[in-house]
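**Q** This is the structure alone, sequence omitted:
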């Protein structure tokens, strides 16, 4: 068993103790004034067969990244972006809404799935800080929510969460074996790659096979930035 797995087990225990908090805690925080309004969108997105039965995946580039519209956006060296995003936060949450470009700049080795479950239409993204220092929390430095309906309107629309932090030890560039823990309302997958630790939670409506298929498609966030 790999050394990062106890962290996932601990998170599973937190879920047991806190209901829908735990793995989902903080990822839904509505901390930016630009995130408001209610949107109903019908979009046809090409799918890729995966999972079991009639399940499928859609490309991450084909869904809406909810925070890509934030203003201002900060680009530059990692330390500069981390500091600027923290300084511009709204409210007191340590989960600070951040765009794809900001995440890629702040965490150059950060990876994210190229594909997500077909029902996902929005992705929320946040840098996560230690309030005492204003620096990224090494345990969870970035967090993502996968939503089937307009984010922040109802937690039932959030069917997946990805948390990324620093691995507890140096890791190889190649991806480790994916470990699975069953948690209330779903499963949690854990792996390491390039000195980073990944924890992907999928709600029970997503099969274990489909969740695993999502985890196997991770690629550099910098390669998933919008073009044009």
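**A** Received the coordinates, thanks. Predicted model, so just to flag it, every value in this text is computed and none were measured.

**Q** if I've got this straight, residue 112 is in a helix?
**A** No - under DSSP: H, G, I helix; E, B strand; the rest coil, residue 112 falls outside any helix and is assigned strand.

**Q** what sits against it?
**A** Applying Cβ atoms under 8 Å, 6 or more residues apart in numbering to residue 112 gives the contacts 60, 144, 162, 218-219, 221, 224. Placement of C-beta: from N, CA and C, glycine included.

**Q** for the record, mean pLDDT for the strand or helix carrying residue 161?
**A** For residue 161, the element it lies in under DSSP states H and E is strand 158-166. Average pLDDT, strand 158-166: 96.

**Q** neighbouring strands for it, and are they parallel or not?
**A** Sheet pairing of strand 158-166 (DSSP bridges) gives strand 142-147 (antiparallel), strand 196-203 (antiparallel).

**Q** Mean neighbour count added to these, as a markdown table?
**A** Output for those, formatted as a markdown table (neighbours: other Cβ atoms under 10 Å):
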| stretch | mean neighbour count |
| --- | --- |
| strand 142-147 | 25 |
| strand 196-203 | 24 |
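
**Q** beta partners for the residue nearest the centre of the chain?
**A** Nearest to the mean C-alpha position of the chain, counting by Cα atoms, centre = their mean, stands residue 144 at 2.2 Å. Under DSSP bridges, the beta-bridge partners of residue 144 are residue 125, residue 162.

**Q** Next, format the strands paired with strand 158-166 as CSV and append distance to residue 46 and mean pLDDT.
**A** Below are those laid out as CSV (distance: least, Cβ to Cβ, whole Å; pLDDT from 0 to 100):
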stretch, distance to residue 46, mean pLDDT
strand 142-147, 18, 98
strand 196-203, 22, 96
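
**Q** Nearest to residue 89, out of those strands?
**A** Shortest distance between residue 89 and those, using Cβ to Cβ, is found for strand 142-147: 14.1 Å.

**Q** tell me the contacts of the residue of the chain most remote from its centre?
**A** Relative to the C-alpha centroid of the chain, counting by Cα atoms, centre = their mean, residue 53 is the outermost residue, at 25.6 Å. By Cβ under 8 Å, 6+ apart, the contact set of residue 53 is residue 207.

**Q** Show the backbone phi and psi for it.
**A** Backbone geometry at residue 53, expressed as degrees, to the nearest 10, gives phi 60, psi -120.

**Q** what's the spacing between it and residue 209?
**A** From residue 53 across to residue 209, the span is 9 Å (Cβ to Cβ, to the nearest Å).

**Q** again, but for residue 59
**A** Between residue 59 and residue 209 the computed distance is 19 Å (Cβ to Cβ).

**Q** Repeat that for residue 222.
**A** Residue 222 is 29 Å from residue 209, by Cβ to Cβ.

**Q** what does residue 190 give?
**A** Plainly put, residue 190 is 17 Å away from residue 209 if you go by Cβ to Cβ.

**Q** Looking at those two now, which is surrounded by more residues?
**A** Taking neighbours as other Cβ atoms under 10 Å, residue 190 and residue 209 compare with residue 190 leading, 24 against 13.

**Q** Do a quick rundown of the helices in this structure.
**A** For the chain, helices defined by DSSP state H occupy the ranges 5-18, 78-87, 100-106, 208-215.
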